[in-house]
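Trainee: Below is the sequence, then the predicted model.
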Amino acid sequence: MASHGTIQRPSTVAAPTTPTGRPEDSTGKTLDDFRRPEFRLVCPLSIPSSPEAASLRIIQNLAHFALYYTHFVWIVLFITLIPQRKVSLILLVIMTYVASLYLLLLRACPANFHLLRKIIDKRIVLGLIVMATMIELIATKAGLHLVITLAATVPLVLTHAVFWARNDFCVEKRGAGGGGGGGCEESVPLVDESPEIV
């Protein structure tokens with residue numbers, strides 16, 4: 001009953017093969033064409049070699065991941081405000097909307113408005129919005145929630161910033177002049193990328 005009266009015959013067409021006798025797929029490539037000669041598992045987390053390297057890594061990662069760190073802190077603050085502080089939650093959402101609207105308008109401005117961009121610096125305006133949000137949270141008696149959120153998230157953000165080696169996988173600096181002194185420095189890659197594949 002499963003075939004409903006059709007007669008199934010064996011196929012007379014053989015699977016295409018390469019001159020070496022290996023089967024190939026419909027694109028004409030063998031399985032060996034898709035295999036990688038080696039697989040590297042690279043962990044972007046590493047311990048910095050010195051306090052100076054750690055502080056440099058914090059500065060670079062705070063600049064690179066600023067949006068993600070801000071979203072992380074915002075989400076935790078949002079979750080902590082949900083059960084008890086509805087007015088504070090609404091003010092937080094309004095200030096987030098204001099900041100997003102400002103960033104969108106700044107992006108919509110043509111690049112030739114240098115005077116506007118110098119007068120209204122993005123960092124100053126966003127700093128003022130953050131300060132206004134903190135004042136609103138304190139005024140609506142959600143200051144304790146803000147302090148607890150910052151106390152819980154800032155150490156996590158700083159820990160991530162210290163241990164995350166940036167996507168270029170450079171973790172240390174070494175002097176290019178061969179001496180141990182200061183001067184010109186270059187980055188040492190975490191993974192040695194030699195042209196030879198073993």
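Mentor: It's in. Model, not experiment: these values are computed from the prediction.

Trainee: Got the confidence number for the residue nearest to Tyr69 when sequence neighbours are not counted?
Mentor: Excluding its sequence neighbours, the residue lying closest to Tyr69 (C-beta to C-beta, 6 or more residues apart in numbering) is Val157, at 4.8 Å. Backbone N, C-alpha and C define where each C-beta goes, glycine included. Predicted confidence (pLDDT) for Val157: 95.

Trainee: and if you look at Asp25?
Mentor: pLDDT, Asp25: 55.

Trainee: next one: the one 3 residues further on
Mentor: pLDDT, Gly28: 59.

Trainee: give me the number of residues near the residue nearest to Tyr69?
Mentor: Residues within reach of Val157, counting by other C-beta atoms under 10 Å, total 20.

Trainee: Let me know the helix or strand that it is in.
Mentor: helix 143-163 (DSSP states H and E).

Trainee: Please spell out which residues along that helix are buried.
Mentor: Using 16 or more other C-beta atoms under 10 Å as the test for burial, helix 143-163 gives His145, Leu146, Thr149, Thr153, Val157, His160, Ala161, Val162.

Trainee: Now for the closest residue to Arg85 other than its chain neighbours: which residues touch it?
Mentor: Setting aside the residues directly before and after it, Arg85 is nearest to Ala142 in space (C-beta to C-beta, 6+ apart), at 4.5 Å. Listed by C-beta atoms under 8 Å, 6 or more residues apart in numbering, the contact set of Ala142 reads Leu81, Arg85, Ser88.

Trainee: Go through those residues and flag which are in helices.
Mentor: Among the contacts of Ala142, DSSP state H puts Leu81, Ser88 in helices.

Trainee: can you list the contacts of Ala142 in JSON lines and add neighbour count?
Mentor: As requested, those are exported to JSON lines (neighbours: other C-beta atoms under 10 Å):
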{"residue": "Leu81", "neighbour count": "23"}
{"residue": "Arg85", "neighbour count": "18"}
{"residue": "Ser88", "neighbour count": "23"}
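
Trainee: Rebuild the contacts of Ala142 as JSON lines, extending it with pLDDT.
Mentor: Formatted as JSON lines, these follow (pLDDT from 0 to 100):
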{"residue": "Leu81", "pLDDT": "90"}
{"residue": "Arg85", "pLDDT": "88"}
{"residue": "Ser88", "pLDDT": "91"}
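
Trainee: Number of residues surrounding Thr140?
Mentor: That count, for Thr140 with other C-beta under 10 Å as the rule, works out to 18.

Trainee: Sketch out the low-pLDDT regions of this structure for me.
Mentor: Scanning the chain for pLDDT under 70 picks out 1-5, 8-42, 111-112, 115-118, 166-198.
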